[in-house]
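sequence and predicted structure below; questions after.
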Amino acid sequence: MRRALWLILICSLARAQDPVQGIVKLFETYRIVMFGEIHECRQEYDLLRKLVNAPGFSERVNDIVVEFGNARYQDVVDRYISGENVPIEEVQGAWRDTVGSVGPASPVYGEFYAAVRAANLKLPKERRIRILLGDPPIDWSKVRGLEDIGYYLPFRDEFYASVVRYQVLAKGRRALLIMGQGHFRRNGGKPGAIENELLTAFVKPYVITVGSNMIGGYDDLDPRFDALETPSLIEMSGSWIGAIKGMGRNSATWDQTADAYLYLGPWDRLTVVKNRRSDLDGTAYGNEVRRRLEIMFEKAPEFLPKSEDTDQPAFSRTSAAGPPFPVLPKPRP
């Protein structure tokens, strides 16, 4: 029994690598690395901020394509990221005004933009990283009903892929893609819509999914994760992680969903970052969030935090699920 556990430990450690160094090295081989995020996760964005400052990253990577960015703001974000003196009130609409998020935007997104800006200020102009905004250019000031959202919401993957195709691939550049991992995760080995677009353009990406020691529900934990450093990047192919069966114990294994798994730590130690209640309650931004939610759901679900604490458990037995995405109206004859 002890020998079996020892072999598991050795196997685990041999395949694990530092995720920052590992992702930088991937760009020696791949033009596109697809990074599936857990929305709002503190530990994930701590790592991403380290990544943009890591030695070798700016030499290998030209662009970061983000889901949390309304394309209407591309010009102002370009100026902000390059170090120009742009008031934050002008640029924060990039991550606050997306059509793909429901409710107020987590502070981790603004912090990430600021981290890329700070990294660029240390770099020569020709090596500065560009943030490309991958969410459709909706103008929320003109949205009065669900019909106005229907021009954008169903076509988010297509728009994101078009940004990668024309702003990255067609210009011979390399990019880190950041989007909710449901958009990147393969289904039984079959690529999703965005990866399919890349493959059609003869570009093979590398796909990373992110998570904890949960392989199912809260009590469905794999103790082999305890042997890993936090965080760790593990290649799926040929590893015990790749052989794990999917949620619900279906026939698909994890190596059929991605090329690598980024282990952030045990599920009960991961946190998400929320706004302070005082940043939303009675503020212009909070009122606008409520207006948007009322358009989507008729009655806005509760979105105000209960306290001033910003970090909350990423997974909780008692936490209520967020509101579902709105059902768009049926086409008129």
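Received it, and whenever you're ready, just let me know what you need. Numbers count the residues shown, from 1 in each chain.

state the mean pLDDT of stretch 50-61.
For stretch 50-61, the mean pLDDT works out to 97.

list the buried residues of it.
51-52, 54, 57-58, 60-61 (16 or more other Cβ atoms under 10 Å). Placement of C-beta: from N, CA and C, glycine included.

dig out what L132 forms beta bridges with.
When bridges are called by DSSP bridges, L132 pairs up with V65.

Q92: which of the buried residues of stretch 50-61 is nearest?
Minimum separation from Q92 among these (Cβ to Cβ) is found for V52, which lies at 19.0 Å.

specify the local secondary structure of the residue lying closest to that closest one once chain neighbours are set aside.
Counting by Cβ to Cβ, 6 or more residues apart in numbering, V52 lies nearest to A119, which is 4.8 Å off, once chain neighbours are set aside. Of the three states, A119 takes helix according to DSSP: H, G, I helix; E, B strand; the rest coil.

gap between A119 and G110?
Summarising the geometry, the distance separating A119 from G110, computed by Cβ to Cβ, to the nearest Å, is 15 Å.

cool, and V66?
12 Å.

so those two - more neighbours on which side?
More crowded of V66 and G110, by other Cβ atoms under 10 Å: V66, with 26 against 17.

the stretch 201-333 of the chain: strands as residue ranges?
Taking DSSP state E, counting those that start in this stretch as the criterion, the stretch 201-333 of the chain contains strands spanning 206-211, 232-235, 260-263, 271-273, 311-313.

how about P305, phi and psi?
phi -60, psi 150 (degrees, to the nearest 10).

wait, it touches R276, no?
Yes - at 6.7 Å, P305 and R276 qualify as touching, with contact defined as Cβ atoms under 8 Å.

what's the first-to-last distance across stretch 229-244?
Distance between the two ends of stretch 229-244: 19 Å, counting by Cα to Cα, to the nearest Å.

what residues sit buried inside that stretch?
The neighbour-count check on stretch 229-244 (16+ other Cβ under 10 Å) flags 231-236, 239, 241-242, 244 as buried.

tell me which of those residues is nearest to N196?
The nearest one, if we look at these relative to N196 and count by Cβ to Cβ, is M236, at 19.4 Å.

was I right to think the closest one contacts Y263?
No - no contact is recorded between M236 and Y263 when judged using Cβ under 8 Å, the distance being 11.8 Å.

what comes up buried for stretch 87-106?
Judged by neighbour count (16+ other Cβ under 10 Å), stretch 87-106 contains these buried residues: 91-106.

quick one: least confident of these?
For those, the weakest pLDDT value sits at V102, with 78.

hang on, isn't it packed against A300?
No - in terms of Cβ under 8 Å, V102 does not count as a neighbour of A300; the distance is 10.3 Å.

any common contacting residues for these two?
Overlap of the contact sets of V102 and A300 (by Cβ atoms under 8 Å, 6 or more residues apart in numbering) consists of L293.

need the nearest residue in space to G56, chain neighbours excluded.
V24 (4.7 Å).

same thing with G103?
Leaving out its chain neighbours, the residue that sits closest to G103 by Cβ to Cβ, 6+ apart is F303, at 4.6 Å.
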